[in-house]
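**Student:** quick one, fold the following:
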Amino acid sequence: MYKELKKFKVTNQFSFTTEDSLAEVCNASEGSGVFLVYSVGDEKELIMVGSTGTIQNDGTLKIKNGGLKDKIVEGHQFAKTGRKYSWPAQMKIEDITTLEVVWYETFNDKTKVIPTFVEGQVLQNFLDENGRLPKWNVAF
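**Tutor:** Residues are numbered from 1 along each chain as shown. As a prediction, the model looks like this:
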C-alpha cells in the first residue's frame, strides 16, 4: 500500500470478474477520492489509478452525481463506453480473471486532500519504482 493512502479512513475494496456486474459488486461510496485497480493472478499488479472530485477556488468540492461509484462503473476507458462494459472486454483480451479495486475518500467532512493530488502522488511513486505508469493509465 502506498504511504500517502494510509491516512484516509473512509475506504473499502471489492473484487470483480468478467462474470460479475460491475454495478452490483462495486461498493464504492458516492464521495470524492481515488481508486486503485489491481490485476490479481499469480501476482498482484497495480494496473490503474483514477480519481473523481474537483476542488473549486473557494475550497468547496464539485462532484458529479454518484461520486467514486459512478466514476468506477460508468467512467469511460478503452472506448467511449462505461467501464462496466470496457473492463470485462479488456480483461478477456489480457487474460485477466480478477480485478481488485481499492477506493479511498480523500475529500470529505473530516479530510480535505485534493483527489487528483493523491492520484498524482501514487502515479509518481509508481513511475519512480517502475519507470512507467500503470498499463491502464494512458497518461497523466
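**Student:** contacting residues for residue 127?
**Tutor:** Listed by CB atoms under 8 Å, 6 or more residues apart in numbering, the contact partners of residue 127 are residue 133. The way it works is simple: take the backbone N, C-alpha and C, and place the C-beta from them, glycine included.
**Student:** could you pull out the strands for the chain?
**Tutor:** Remark: strands assigned in the chain by DSSP state E are 11-17, 32-40, 44-52, 54-55, 61-62, 98-107.
**Student:** closest one to residue 120 among those?
**Tutor:** Set against residue 120 and scored by CB to CB, the strands of the chain come closest in strand 44-52, at 8.8 Å.
**Student:** pull out the buried residues from stretch 102-115.
**Tutor:** Neighbour-count burial for stretch 102-115 flags 102-108, 113-115 (criterion: 16 or more other CB atoms under 10 Å).
**Student:** what's the most distant pair in these?
**Tutor:** 102 and 114 (18.9 Å).
**Student:** tell me how far the residue nearest the centre of the chain lies from residue 57.
**Tutor:** The structure's the chain has its C-alpha centroid closest to residue 35; by CA atoms, centre = their mean the separation is 2.4 Å. Computed as CB to CB, to the nearest Å, the residue 35 to residue 57 distance reads 26 Å.
**Student:** same thing with residue 49?
**Tutor:** Look at residue 49 and residue 57: by CB to CB, they are 25 Å apart.
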